[in-house]
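Asks: heads up, no residue letters with this:
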Ligand SMILES: Cc1ncc(C[n+]2csc(CCOP(=O)(O)OP(=O)(O)O)c2C)c(N)n1
Ligand SMILES: [Mg+2]
């Protein structure tokens, strides 16, 4: 497409960017909010939001071009949480970023709330797509990226996928179309934590088999550029996102290696914590562990 | 003419039982008797409680992952070689995500696949509108050849599942997530396509389906304290529909209120209205979701906001009785 040459999408300038320790401290805060508000709501998911927390912080505090005071700014970067059951992770980060007061997290999953169990774009400004039925988020992402190309609009579209979610056939229909239209303004992030909700049992223990083998090879075969990173290391995430933003001619998949339930020892890698509500004692232990993670963030380091 | 509808006196509402657990246990019991029974799961076994079956029969439990359309196609293929696949997923994803696959490879060829939609209706554990099932009844009722069953309690569910194994046609079974009381005596016999009269009454006829029938029974008690004598008819099968029972109830009472944990479009209310409009035009009111999507929230708040409580059913009956005609 000829229009690609003219389209210039801004790249985050280094001086404006937060330090890695700052991002790490923000991630710990997001995780504390996640466990606290799932406990309070008595519902919601934990494993997925905790595994996605660093990626979400990196998006909203490092790379997305957004303006919380203007959530419908036409040139904003778009973000779709295709694995919509991780909504509390997104809400925590949106609140921290100033889209709405942190206290509003109290209403999560309550009646008349803007913070629905699964993201509802008709209720909460800042949500670019409604999700919750898995496997559907990448297609609207392709539509947004295609729309940006056709209108020559300088924004990127980011879509976060779950590794269980990409078992849905629609993901691969969208993957095909994105590559066919050479959508280099589209970036998908795969939260590759190795666990869906129930999955296939593995001999001896609570770990279960990975829902999808070798997604890097599969996305490459579909014509995507693939970058891998450690989804819990902000340096590694930044490097991957930066590469994704500069790659030309293909959509990029950021394959983020993550741990389901990351940050809380007794939740890590246990499929039972996909959508379990912690008891009071479990909450206290979880918060204690999360407080210990970054007790003295040093922004200069 | 003899009233063909059985009158079953509900037992006083017993200890709440989660229908999904009964479903999982009943699959195990059926598997003892039927060696062709298989369960196919869409990565939700620990929600639908197919995990009870998976533990008992690991080799007859097939995990299909998060891919409902594919799961339906595979079930259809298994049915052609003589297996009886039971599907484990949420009603919302079954009825809508896999709809075209159900239509073309299950319903049209009439293959023996048991389509079980768990977490139906509005009470889905605070998950909200993407998970609440507001179109499943319309979808399956309108699909030629698909039997549609919505049991009221665990006893009726067991009877329905026995009956489902006796049938060879595709069946949609509507299940719920949260525990609810048992109303049928243990020896109650489920009869496909037959309504059950749970309470006799002359002033107004209340009709329920699924677990909403429990709230309809409570509404009848409320009405009794207010001097209104309400009959309660339970329709566990929306297809085939017990036309005779509906028409007779209309004849006896002269006014009908339907109530369901579902939209007022396309479900029980529609089925009853269609029947009465053709055979016995009768004033009626439909209690259900008023053509809206739901949202996340605690059960009580949802029932209240979306108009599904016994109080709402009773209010609809009063309104009907007071309206000029
Ligand atoms: C179409 C559809 N099928 C099933 C579900 C139920 N469900 C919600 S989360 C989940 C598991 C998701 O696993 P994964 O994508 O790996 O997410 P994560 O590990 O990040 O939580 C399932 C099966 C759903 N929301 N949508
Ligand atoms: Mg996963």
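Replies: Happy to help now that I have it. What you see is a predicted model; the values in this text were computed from it and never measured. Numbers count the residues shown, from 1 in each chain, chains lettered A, B, ... in the order given. Ligands and ions are numbered 1, 2, ... in the order given.
Asks: So which residues on chain B come close to ligand 1?
Replies: Within chain B, the positions near ligand 1 by C-beta under 6 Å from any ligand atom are B:42, B:43, B:44, B:66, B:68, B:93, B:97. Every C-beta, even on glycine, is put in place using the N, C-alpha and C of the backbone.
Asks: ok, and which of those residues reach chain A?
Replies: Filtering the residues of chain B next to ligand 1 for proximity to chain A (criterion: C-beta under 8 Å from any C-beta of the partner chain) leaves B:43, B:44, B:66, B:93, B:97.
Asks: need these in JSON lines with neighbour count, secondary structure and distance to ligand 2, can you?
Replies: Rendered in JSON lines, the data for these read as follows (neighbours: other C-beta atoms under 10 Å in any protein chain shown; DSSP: H, G, I helix; E, B strand; the rest coil; distance: C-beta to the ion, whole Å):
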{"residue": "B:43", "neighbour count": "26", "secondary structure": "coil", "distance to ligand 2": "10"}
{"residue": "B:44", "neighbour count": "21", "secondary structure": "coil", "distance to ligand 2": "14"}
{"residue": "B:66", "neighbour count": "27", "secondary structure": "coil", "distance to ligand 2": "10"}
{"residue": "B:93", "neighbour count": "25", "secondary structure": "helix", "distance to ligand 2": "17"}
{"residue": "B:97", "neighbour count": "24", "secondary structure": "helix", "distance to ligand 2": "19"}
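Asks: Considering the residues you listed, which is situated nearest to residue A:235?
Replies: Nearest to residue A:235 among these is residue B:66, at 31.6 Å by C-beta to C-beta.
Asks: ok, the closest one - contacts?
Replies: A:134, A:135, A:164, A:165, A:167, A:168, A:196, A:211, B:42, B:43 (C-beta atoms under 8 Å, 6 or more residues apart in numbering or on different chains).
Asks: Also residue B:308?
Replies: For residue B:308, the contacting residues are B:122, B:212, B:215, B:259, B:261, B:287, B:288, B:289, B:302, taking C-beta under 8 Å, 6+ apart as the criterion.
Asks: A ChimeraX selection for these, restricted to the buried ones, would help me check which they are.
Replies: Per 16 or more other C-beta atoms under 10 Å in any protein chain shown, the buried members of these correspond to this ChimeraX selection:
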select /B:122,212,215,259,261,287,288,289,302
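Asks: ok, residue A:253 touching residue A:191?
Replies: No. Taking contacts as C-beta atoms under 8 Å, residue A:253 lies outside contact range of residue A:191: 11.7 Å.
Asks: Distance of residue A:221 relative to ligand 1?
Replies: Counting by C-beta to the nearest ligand atom, to the nearest Å, the gap from residue A:221 to ligand 1 is 20 Å.
Asks: hmm, I was thinking of residue B:306
Replies: 21 Å.
Asks: which ones are touching that residue?
Replies: Residues touching residue B:306, when contacts are defined by C-beta under 8 Å, 6+ apart, comprise B:122, B:289, B:290, B:292, B:294.
Asks: Which two of these have the greatest separation?
Replies: Taking C-beta to C-beta, the two most distant members of these are B:122 and B:290; they sit 12.2 Å apart.
Asks: Distance to residue A:174 for the residues of chain B next to ligand 1 - can I get that in TSV?
Replies: Output for the residues of chain B next to ligand 1, formatted as TSV (distance: C-beta to C-beta, whole Å):
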residue	distance to residue A:174
B:42	20
B:43	20
B:44	23
B:66	15
B:68	17
B:93	18
B:97	15
